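Participant: Sequence and predicted structure are below.
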Amino acid sequence: MRISEIARILGVNPKTLRYWEEIGLLPPPERDENGYRIYSEKHIKLCKFILKAKRVGFTLREIKEIIQAKESGNVCGCVREKIKKKIEELERRKAILESLLAGSPSEGEICPIIESVA
């Protein structure tokens, strides 16, 4: 399957697929005699995984680490640790946002509420 077809199926820009390949998230696909990328079913499954992982808040760097953990056989432990860190970060951000709502903003150039963040 060519890049335009897989991009259409996944709902992404072909540049996204090239970028994922460039950063090592996707293995390089085979090429046909004209040099066009030919993606396999394995690529499609991996892309769907990447999109799902992004949807729940993982960064591309984290997704790459998860894929590497899969190859080493410790994917579930890796994912559990990343989820715990994400929850901690969300709780920290929530506390900051709640304190912003509760505070009395002073003057600021654009928005005193946001500018009060330490």
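Facilitator: Great, that's in hand. Not measured: the values here are computed from a predicted model. Numbering: from 1, shown residues only.

Participant: can I see the domain layout of this protein?
Facilitator: What automatic domain parsing lists as the domains of the chain is 1-73, 76-118.

Participant: first to last residue in the longest one, what's the distance?
Facilitator: Distance across domain 1-73, first residue to last, is 29 Å (CA to CA, to the nearest Å).

Participant: Among the domains of the chain, show me which one is buried the most.
Facilitator: domain 1-73 (a mean of 14; mean count of other CB atoms under 10 Å). Placement of C-beta: from N, CA and C, glycine included.

Participant: can you give me the offset of that domain from its chain's centre?
Facilitator: 12 Å (CA atoms, centre = their mean, to the nearest Å).

Participant: 81 is where my numbering starts, stick with that
Facilitator: That works, and once the first residue is 81, the last one we named lands at domain 81-153.

Participant: quick one on the thing from earlier: any idea which of the domains of the chain has the lowest pLDDT on average?
Facilitator: Lowest mean pLDDT within the domains of the chain: domain 156-198, a mean of 85.

Participant: And the helices in the protein, which stretches?
Facilitator: Assigned by DSSP state H, the helices in the chain fall at 83-90, 94-102, 121-135, 140-152, 155-182, 192-195.

Participant: ok, Pro94 to Ile103 distance?
Facilitator: Relative to Ile103, Pro94 is positioned 15 Å away (CB to CB, to the nearest Å).

Participant: try Glu151
Facilitator: 16 Å.

Participant: Now do the same contact list for Cys182.
Facilitator: You called it Cys, but residue 182 is Ala. In this structure, Ala182 makes contact with no residue, judged by CB atoms under 8 Å, 6 or more residues apart in numbering.

Participant: Please apply the same query to Glu161.
Facilitator: With CB under 8 Å, 6+ apart, Glu161 has no contacts at all.

Participant: returning to that earlier point: the helices of the chain into TSV, with extra columns for distance to Asn114?
Facilitator: As requested, the helices of the chain are arranged in TSV below (distance: least, CB to CB, whole Å):
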stretch	distance to Asn114
helix 83-90	12
helix 94-102	16
helix 121-135	18
helix 140-152	29
helix 155-182	36
helix 192-195	51
